[in-house]
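Visitor: what's the 3D shape of this:
(2 chains)
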Amino acid sequence: MSTADPPVTSAAVKTAPDARGAAGSSRRAYLSYVAGKLAGAAVSLFAILVTSFFLFRIIPGDPVKTMTHGRKVDAEQLAALRRHYGLDLPLWEQFTQYVGDALTGNLGDSYQFNEPVLDLIRERVPATLLLTGTAVVLYSALGLWLGTRAAWRHGGLGDKVNTSVALTLWSVPHFWLGMLLIIVFSVGIGPIPGLFPTGGMESGGEHGIAYVVDVVHHMFLPVLTLVAACYAQTLLVMRSSLLDEMGSDYLTAARAKGLRDDLVRRRHAVPNAMLPTITLVFVNLGFIAAGSILVETVFSWPGLGGLFYQALSVPDLPLIQGLFIVYAGSMILASVVADLIYPLFDPRVGR
Amino acid sequence: MQPTDENAPTPGPLHRPTPAARAGRPGRRLRRVLGAGAAALALIAATAAGPAAAKSAQDDGGDGDGDKAVLTAAVAQSVDSLSPFLAVTLVATSLNRLMYDSLVNYDVKTQEPIPGLAEKWEPSNAGKTWTYTMRDGVKWSDGKPLTAEDARWTFHTMMTDEAAGAANGSYVANFAKVSAPDARTLVVELKEPQATMNSMDLPIVPKHVWQDVEDLGKFNNDSDFPVVSSGPYILTGFKTDSYVTFEPNPDFWRGKPKFDELRFKYYKETDAAVAALRKGEVSFVPDLTPAHAASLEGQPDIKVNDGQGRRFWAIATNPGARDVKGRKFGDGHPALLDPRVREALFLAVDREVIVDKVLQGHGVEGEGYIPPRFGDYHWKPSAEQKIGYDPAKAARLLDQAGYKLKDGKRVGKDGKPLDLRMLCHSTDARDKAAGKFLEEWWGALGIGLDLQCLDNVGDPWVAGEYDLAFDGWSVNPDPDFVLAIHTCAALPESEDVVGQTDNFICNKDYDRLYAEQLAAYDDPGKRAEIVREMQSVLYDTGYMNVLAYPNSVEAYRTDHIESITAMPAGNGNIWGQDGSWSWATAVPAAEASDDDGGSAMGVVLGGGAAVAVVVAAGVVFTMRRRATAEDRE
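Guide: Numbering: from 1, shown residues only, chains lettered A, B, ... in the order given. Below is the predicted model:
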């Protein structure tokens, strides 16, 4: 990236501030840009840590009483439970303890599952990452491709069909679409036989390649549901940003050079139109960890979405807090990564 | 930039194909990416068909893998713990019954206590000492003998280790001492006599495995497979919210179950579970709604079991929440302290409509407290004490009580309209539906109803901050628990703690009868009579009124399961029995129906079709690309 040796550059800076090497300067600018973004992320993460503690204490309900409803529990047992979960301490002490624990990677024990929150989340994360991750990659790719086509030949039949199909699927409730897919492709209807499992992530008892095949088999329909329901947003953003670019002079210039239309699109228009779409893709990547509560429920997918729903009903405070941190944290992580690689796509950023 | 459509190059008309143009040099990179994508799609399509086809090809009996007869049941509730010391959810306790037998079982036909791990038992010392004789020759699934020492250790641990008493500590609260003088004798000494000793259905765990557990409060019994058991099944696998698998216990003293594998598969959505049943992916689905039952009724190879429920579903009125010492708290409506107002409310409820419309026929009109399923204990109000459907009488009673009708509203002496709140479970569609009817019926009387549907009704309930509430409990063959929750002793010690009480009822007559039935441990007939009398007292207090006993509606595939035992005999239920009868005695269907072969064929065809569609799409896509590439040359 840079041709100058770092010491030389810094010496140059010291002696002649006006004559900074261009490479060194841009690198330093990038580094300070990175440092700024990272610091910002750290601050947001801490804010989330604080918010998650206070936010969920607003949920009405005494977890200890809820857990013991219908059982005979005397004051002593209640006190023991409160002590066990640290609910007997003053709020500020609970808070400092919670922050301290969280910073050392301990998110407490779930009230209802009798297990550390971190273990519960760790158990569920792979399933959610696999499902939503695959779906985000697929629907982003599909949306980009179709969006480009739709914009390049906008107004044509392809554009109209693609856009309206995408919008229709986008407005269909995920839940309903999933159920429909189960009925048609799992159970089978008329001449269509049941091709896919109705739910879950695995049949159990499989190993090695058979296990991989089994999981792929199980995730086909949920991924299809998510892709069908979500590719519209990438498509529309890509389409409109490409449309914005299409009147630009540089494209006319490119054509004037005699470039093929195909090349003009690929080399000149699309890279510029990609910028807003990349932001969107990263926003979606941030949602990966959150998963989709509805799709996970319909397909009985053992991921974080279902866990969150269950945590809310108690309320299982440590679990809710833990999940909230994971969700928010992954969002922050995704936007930091987006910020960091954005300069690679658009050199104006970070300069 | 001029991003208007007019200025944008319009690829259409300007770039019509020039047929002579040579086949374009497609962007190699893009092509490669697309090729990879197409390959991935094809792979997915292939795998989609693959395992299903392979699986069905091996399928020759039941719905199993290979020649194994596998019984797969759909479940929805999460397992809280598979340790019998910790499990409280219905699903977890039911699974525990498959693994761990108990001293006393309940007869599958009559639901009366019958010998289990204990061959016989007898009270002495005025009911304070109970001696159980253990069945001879019973083995744990690892071959070690099951002795009285295992039972002693289980009870003793629950009494002494606070963590181990988490789930069932109350059962042993009255135990003074447990001893095992020899391998076949277990002696329990009580502080006070109690009738429930005849129905000791607590799971007994193997001491030689469990004594090494460091912290029983943290041990969930789901890590070391197979789990040593004494029941009909051995736990072989568990993954939270995915599956629970069992294999039959060849040494089960009642005989090895006929299925080769029992599998519980998670469906968080009943619609999906019903779809899986239609497809044959699962053999059994519990907890169906009336709509699901109606859609499955008459389907080939599916039997809907409309079993007698074990729950009652009632309206509870706040009798003025108070603690054991009589200190009042909460904010129950004072009007409900007038028995005439309560009676008027109940008189305006048409239970027939509730059963017909809300339960859509899957239930029985409510009368006494204990459901008719438990024949001996079930009680019906006599003609003169029965509060039937009589809105006219309800209006008269309200008039007498001083709540006059004014502009369509009942107004009290203080001039305030009679408006009541009612707690309902937002997760329960039945509560909401019945709430709408009550709103209408009581509205016609001039009483306003504010239906408060909450996810968490526990908090206002425990705090006594309600006027009315939908209430319901699952009743055990031994009714002690559901009776105990209305005794004065069950009231909380103070308003800050939780009592066992259901609805803050405290009645001296009821308490006296409760003590009498507990002491009647040696005369079941007399005990049943007292229990019925207690329900009569409870009915007359007018604090509780049972709307209905909802059925448990379940369905199973007759081409997987030839027979499965409902409990009690006649019209009982399958899931959530007292014991493991249904799963232990289920018989696999001899031959899978012809559908299976058909669907295997269908899978192959379907897989082929899917591949064909993908290929066709690929071809069309490539041709179109080629066309456009030419077009843009």
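Visitor: Low-confidence stretches in the stretch 101-250 of chain A?
Guide: A:204-205 (pLDDT under 70).
Visitor: and the residue of it nearest chain B?
Guide: Closest residue of the stretch 101-250 of chain A to chain B, CB to the nearest CB: A:Pro193 (2.8 Å). Where you see a C-beta, it was placed from the backbone N, CA and C, and this is true even at glycine.
Visitor: Enumerate every residue touching B:Phe346.
Guide: Going by CB atoms under 8 Å, 6 or more residues apart in numbering or on different chains, B:Phe346 touches B:315, B:387, B:542, B:545.
Visitor: Format the residues you listed as TSV; extra columns: neighbour count, distance to chain A and pLDDT.
Guide: Shown next, in TSV, are the contacts of B:Phe346 (neighbours: other CB atoms under 10 Å in any protein chain shown; distance: CB to the nearest CB, whole Å; pLDDT from 0 to 100):
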residue	neighbour count	distance to chain A	pLDDT
B:Ile315	21	18	94
B:Ile387	21	26	90
B:Gly542	19	23	90
B:Asn545	22	20	92
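Visitor: Strands along the stretch 401-550 of chain B, start to end?
Guide: For the stretch 401-550 of chain B, applying DSSP state E, counting those that start in this stretch gives strands covering B:404-406, B:409-411, B:419-425, B:448-454, B:468-474, B:544-550.
Visitor: looking at these, which is closest to B:Ser170?
Guide: With CB to CB, the closest approach to B:Ser170 among the strands of the stretch 401-550 of chain B belongs to strand B:468-474: 15.0 Å.
Visitor: next one: the closest one to chain centre, how far?
Guide: 15 Å (CA atoms, centre = their mean, to the nearest Å).
Visitor: What strands line up against it, and which way round?
Guide: Next to strand B:468-474 in the sheet, as set by DSSP bridges, lie strand B:311-317 (antiparallel), strand B:419-425 (parallel).
Visitor: for those, which one ends up most surrounded?
Guide: Highest mean neighbour count among the strands paired with strand B:468-474 (mean count of other CB atoms under 10 Å in any protein chain shown): strand B:311-317, with a mean of 23.
Visitor: Now do that one against strand B:544-550, angle only.
Guide: If you take axes from the mean of the first three to the mean of the last three CA atoms, to 10 degrees, strand B:311-317 sits at 150 degrees to strand B:544-550.
Visitor: coming back round to it: now flag whichever of the contacts of B:Phe346 is closest to B:Ser242.
Guide: B:Ile315 (38.9 Å).
Visitor: That closest one is in contact with B:Ala548, isn't it?
Guide: No: with contact defined as CB atoms under 8 Å, B:Ile315 does not count as touching B:Ala548 (10.7 Å).
Visitor: Ramachandran coordinates for B:Glu162?
Guide: phi -60, psi -40 (degrees, to the nearest 10).
Visitor: Contacts only, for it.
Guide: Residues in contact with B:Glu162, defined by CB under 8 Å, 6+ apart, are A:80, B:169, B:217.
Visitor: Go through the residues you listed and flag which are in helices.
Guide: Using DSSP state H, the members of these that fall within helices are A:Ala80.
Visitor: Separate out the buried members of the contacts of B:Glu162.
Guide: Buried subset of the contacts of B:Glu162 (neighbour count, 16 or more other CB atoms under 10 Å in any protein chain shown): B:169, B:217.
Visitor: and residue 301, how many residues sit next to it?
Guide: Using chain A. Counted with other CB atoms under 10 Å in any protein chain shown, residues neighbouring A:Trp301 total 29.
Visitor: my bad, the chain I had in mind was chain B
Guide: So B:Asp301, with other CB under 10 Å, has 16 neighbours.
Visitor: swap in B:Val553?
Guide: B:Val553: 25 neighbours (other CB under 10 Å).
Visitor: and it, what helix or strand is that in?
Guide: Assigned by DSSP states H and E, B:Val553 falls within strand B:552-557.
Visitor: what's downstream of that strand, the next helix or strand?
Guide: Heading C-terminal from strand B:552-557 (DSSP H and E), you reach strand B:561-563.
Visitor: So what touches that next one?
Guide: Outside strand B:561-563, the residues that reach it (CB under 8 Å, 6+ apart) are B:71, B:283-284, B:585-590.
Visitor: Restricted to helices, list those residues.
Guide: B:Thr585.
Visitor: Including pLDDT, distance to B:Ala434 and neighbour count, could the contacts of strand B:561-563 go into TSV?
Guide: Shown next, in TSV, are the contacts of strand B:561-563 (pLDDT from 0 to 100; distance: CB to CB, whole Å; neighbours: other CB atoms under 10 Å in any protein chain shown):
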residue	pLDDT	distance to B:Ala434	neighbour count
B:Leu71	92	35	29
B:Ser283	93	32	29
B:Phe284	94	28	25
B:Thr585	89	36	16
B:Ala586	89	35	24
B:Val587	90	39	15
B:Pro588	90	40	23
B:Ala589	86	39	19
B:Ala590	78	44	10
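Visitor: Need the contacts of strand B:561-563 in CSV (columns: distance to A:Phe185).
Guide: Conversion of these to CSV gives the following (distance: CB to CB, whole Å):
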residue, distance to A:Phe185
B:Leu71, 25
B:Ser283, 21
B:Phe284, 23
B:Thr585, 36
B:Ala586, 30
B:Val587, 32
B:Pro588, 28
B:Ala589, 26
B:Ala590, 31
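Visitor: What about the contacts of strand B:561-563, which are in strands?
Guide: Counting by DSSP state E, the contacts of strand B:561-563 place B:71, B:284, B:587-588 in strands.
Visitor: Return the distance of B:Leu513 relative to chain A.
Guide: 20 Å (CB to the nearest CB, to the nearest Å).
Visitor: Now for the nearest residue to that residue once chain neighbours are set aside: which residues touch it?
Guide: In this structure, B:Leu513 finds its nearest non-sequential neighbour in B:Met534, 4.6 Å apart by CB to CB, 6 or more residues apart in numbering or on different chains. By CB under 8 Å, 6+ apart, B:Met534 lies in contact with B:483, B:510, B:513-514, B:517.
Visitor: and the stretch 201-350 of chain A, which residues reach chain B?
Guide: Contacts of the stretch 201-350 of chain A with chain B, taken as CB under 8 Å from any CB of the partner chain, map to A:201-205, A:210, A:213-214, A:216-217, A:220, A:243-248, A:251-252, A:255, A:260-263, A:266, A:296-300, A:302, A:306, A:310, A:312-315.
Visitor: So which of these belong to helices?
Guide: A:210, A:213-214, A:216-217, A:220, A:243-246, A:251-252, A:255, A:261-263, A:296-298, A:306, A:310, A:312.
Visitor: which other helices and strands contact the host helix or strand of A:Val161?
Guide: Assessed by DSSP H and E, A:Val161 sits inside helix A:157-171. In terms of contacts (3 or more CB pairs under 8 Å, 6 or more residues apart in numbering or on different chains; DSSP states H and E), helix A:157-171 is packed against helix A:117-152, helix A:208-246.
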